[in-house]
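In: predicted model and sequence below, questions to follow.
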Amino acid sequence: MASDYRTYEDAVKDYLAQFGALLEIPEDASPTAKRGAGDVPIGSLVDRAEAIAGISSSMLELARPYLESDDPNQREGASVQMIAQSAGELQLASELLQFVADEKEGRAADVTTRAARGTALREAIGDLEKSMQTPISAGLAPVVAPIRAGARARPTTPDEARKALKEAVDLTTDAIVQRVNESGGRLAWDLVFQTEWAKIIEGVVLARAGISEKLDGIKEGASAIVTRALGAAEKTLLNVYDKILALLGKDVEDEARKKVKEWLDQVKEKGKIEVLETLIGELYQVEQFKQALGGWLNETTASLDKINETTSEVELLSDKFIALAGQTSSLGKAVGYAKVIPIPAVLVVVIALQLGLLTTLVYAGYDYIGYKQVNLLDITKGVAQVVQENLGIQG
């Protein structure tokens, strides 16, 4: 419960401590105990996974004020941390479910396999710890600030400043679209061309309760340790599901996921992933935005300093989105790992998460461009919003 912790930051300390200890082998570990990733006794992994799941649930509730804050820095910081946590937790859930699959098939992973799985989990933990170093209230600026070190001198005349701002907008919007097309295209390709379509249809409509139902069906006839591992994995997957959908905002996640499913239908019908790029372009309205920008630059009475300041903010948004997209790529990697677990019920759950990730990525790009944005996902103040606000443009 959220009441177990006074603040989100208090919960983070325990959360990272549990992840830090996840692959430690207890000194009193029985030499005959069943082993998991990194040769850690599976009982210890389950104990720590249960603790992490409890803290994670608290963290999501405590992070909601940040996710819904009027301060875009807080929304940015909360969003990137939710994605980072989801990647680490999904990797952990995958380890537990892989153990379950091994037990169901009557085999035990050998030392080499356990070592490899331990390496994958250790890398996920390292990425998580790195991502959580920046305070949530600071947003993404401290993460990407070094990228802009040594930036060029700013224009000294209004005309030059307007030209520089237009160039910054062009480069930033193009970079956002390109990153969404690349990362989103890989996710969409895997879903449409590498995944059974019936499972996708099932995953689109899979609600939170459905995740529990799917996993509960695996417990029949399972041993005590397998049942515990499944229980911990279920709690972990529910937390991941909640965190991904929390980014899309209240009461709109179903609408957004169904829209992306419609896009996947069109990709499947045409047999070309390029269809997705066209649909994303129509949603983002980049060309319309660039046309409107010309009028805004002619209309504005903003000072030279204000225009230069706007250029800097727009450039920073490009770097911020790259950082955010990098986190979604880490989560995508964890999704790919989970999809190969040989349990049909798990595949449907992971597909639901993959659809949620694709939806979040697409609408995050939409949000970062911010032109005539509808009420779906609000991580930051987008490029168009920054320009309009700083240049005093109405409408």
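Out: Thanks, I have the structure now.
In: helices of the stretch 1-150 of the chain, start to end?
Out: Listed in chain order, the helices of the stretch 1-150 of the chain (DSSP state H, counting those that start in this stretch) span 8-20, 42-67, 72-104, 111-131, 141-144.
In: for the record, mean pLDDT for the last one?
Out: Which is helix 141-144. The average pLDDT within helix 141-144 is 67.
In: got the buried residues for whichever helix or strand comes after it?
Out: Next helix or strand after helix 141-144 toward the C-terminus (DSSP states H and E): helix 158-194. Buried residues in helix 158-194, defined by neighbour count with 16 or more other CB atoms under 10 Å: 158, 161-162, 164-166, 168-169, 172-173, 175-177, 179-181, 183-185, 187-188, 190-192. (C-beta placed from N, C-alpha, C; glycine too.)
In: between the helices of the stretch 1-150 of the chain, which one is closest to residue 334.
Out: helix 72-104 (4.1 Å; CB to CB).
In: and the angle from that closest one to helix 42-67?
Out: Helix 72-104 runs at 160 degrees relative to helix 42-67, counting by axes from the mean of the first three to the mean of the last three CA atoms, to 10 degrees.
In: what distance separates helix 72-104 from the centre of its chain?
Out: Mean-position distance between helix 72-104 and its chain equals 9 Å (CA atoms, centre = their mean, to the nearest Å).
In: likewise stretch 273-292?
Out: With CA atoms, centre = their mean as the basis, the mean position of stretch 273-292 lies at 22 Å from the chain mean.
In: surely residue 229 is in a helix?
Out: Yes. The assignment for residue 229 by DSSP: H, G, I helix; E, B strand; the rest coil puts it in a helix.
In: show me what contacts it?
Out: 42, 45-46, 96-97, 99-100 (CB atoms under 8 Å, 6 or more residues apart in numbering).
In: if I look at it, how far off is residue 40?
Out: 13 Å (CB to CB, to the nearest Å).
In: again, but for residue 326
Out: Remark: distance between residue 326 and residue 40 (CB to CB) = 28 Å.
In: those two - which one has more neighbours?
Out: residue 40 (22 against 17; other CB atoms under 10 Å).
In: quick one, what contacts residue 156?
Out: residue 304.
In: please report how far it lies from residue 168.
Out: The separation that residue 156 has from residue 168, given CB to CB, amounts to 16 Å.
In: check residue 320 and give its pLDDT.
Out: On the pLDDT scale, residue 320 gets 92.
In: now it, nearest residue through space, not along the chain?
Out: Spatial nearest neighbour of residue 320, chain neighbours left out: residue 140 (4.3 Å); criterion: CB to CB, 6 or more residues apart in numbering.
In: got it, and residue 34?
Out: residue 42 (4.7 Å).
In: residues near the one you found, how many?
Out: So residue 42, with other CB under 10 Å, has 22 neighbours.
In: can you tell me how far the closest residue to residue 138 other than its chain neighbours sits from residue 304?
Out: Distance criterion CB to CB, 6+ apart; nearest residue to residue 138, sequence neighbours excluded, is residue 77 at 6.0 Å. Residue 77 sits 31 Å away from residue 304, going by CB to CB.
In: show me which of these two is the more surrounded one.
Out: Taking other CB under 10 Å, residue 77 and residue 304 do not tie; residue 77 has more neighbours (26 against 16).
In: isn't the residue nearest to residue 138 right next to residue 136, touching?
Out: Yes. The pair residue 77 / residue 136 is scored as a contact, 4.0 Å apart, by CB atoms under 8 Å.
In: give the residues shared as contacts by those two.
Out: Counting by CB under 8 Å, 6+ apart, the common neighbours of residue 77 and residue 136 are residue 66.
In: quick check: buried residues in stretch 330-348?
Out: 330-335, 337-339, 341, 343, 345-348.
In: and it, how far out from the chain middle?
Out: 15 Å.
In: and for stretch 294-307?
Out: Using CA atoms, centre = their mean, the offset of stretch 294-307 from its chain centre is 35 Å.
In: likewise stretch 383-395?
Out: 28 Å.
In: ok, stretch 347-358 next?
Out: 12 Å.
In: number the chain from 30, please
Out: OK, 30 is where the count begins now, so the last one is stretch 376-387.
In: ok, residues contacting it?
Out: Defining contact as CB under 8 Å, 6+ apart, one finds that stretch 376-387 is touched by 119, 213, 216-217, 219-220, 224, 228-229, 231-233, 235, 239-240, 243-244, 266, 269-270, 273-274, 277, 282, 286, 289-290, 357, 360-361, 364, 367-368, 370.
In: which ones among the residues you listed are found in helices?
Out: Among those, the members found in helices (DSSP state H) are 119, 213, 216-217, 219-220, 228-229, 231-233, 239-240, 243-244, 266, 269-270, 273-274, 282, 286, 289-290, 357, 360-361, 364, 367-368.
In: for residue 100, grab phi and psi.
Out: Phi and psi for residue 100, reported as degrees, to the nearest 10, are phi -90, psi 110.
In: what's the local residue count around it?
Out: Around residue 100 there are 12 residues (other CB under 10 Å).
In: for residue 285, see how far away residue 396 is.
Out: Residue 396 is 11 Å from residue 285, by CB to CB.
In: try residue 261
Out: 29 Å.
In: what about residue 417, which helix or strand?
Out: Judged by DSSP H and E, residue 417 forms part of helix 412-420.
In: give me the residue at the spatial middle of this structure.
Out: By CA atoms, centre = their mean, the chain has its centre lying nearest to residue 112, at 3.4 Å.
In: what sits against that residue?
Out: Residue 112 touches 272-273, 276, 353, 356-357, 359-360, 389, counting by CB under 8 Å, 6+ apart.
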